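Peer 1: Could you look at this predicted model? Sequence included:
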Amino acid sequence: MKFRLITGILSILVGIIFFGFTYDPLGTVGNIIIHVIGILFILKGINLLIHKEQPVNTKSE
């Protein structure tokens, strides 16, 4: 559980950094791609923090 918490928080932080990053030589399309990557990192971090792990059912003989 701690791994999911740490990974989720780091993913959100990386997403915020990417979302706030603009670089003029990339142009409009490059900056839009960087913003989309940032949004995806933020969504993945939220997904890791919200969803609970489901127990795995294994058959033991």
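Peer 2: In hand now; what should we look at?
Peer 1: measure the residue nearest the centre of the chain to Gly8 for me?
Peer 2: Nearest to the mean C-alpha position of the chain, by Cα atoms, centre = their mean, lies Phe41 at 2.6 Å. Per Cβ to Cβ, to the nearest Å, Phe41 is found 10 Å from Gly8. The way it works is simple: take the backbone N, C-alpha and C, and place the C-beta from them, glycine included.
Peer 1: in the protein, which spans are helices?
Peer 2: Using DSSP state H, the helices of the chain run over 2-20, 27-50.
Peer 1: what's the nearest residue to the residue nearest to the centre of the chain if we skip its chain neighbours?
Peer 2: Nearest non-adjacent residue to Phe41, counting by Cβ to Cβ, 6 or more residues apart in numbering: Gly15, 3.1 Å away.
Peer 1: from what I can see the one you found touches Ile46, true?
Peer 2: No: judged on Cβ atoms under 8 Å, Gly15 makes no contact with Ile46 at a distance of 9.1 Å.
Peer 1: which residues are in contact with the least confident helix or strand in the chain by mean pLDDT?
Peer 2: Across the helices and strands of the chain, mean confidence by mean pLDDT, DSSP states H and E is lowest for helix 2-20: a mean of 89. Applying Cβ atoms under 8 Å, 6 or more residues apart in numbering, the external contacts of helix 2-20 come out as 34-35, 37-49, 53.
Peer 1: In PyMOL, how would I select the buried members of those?
Peer 2: Buried members of the contacts of helix 2-20, defined by 16 or more other Cβ atoms under 10 Å, are picked up in PyMOL with:
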select buried, resi 34+35+38+41+42+44+45+48
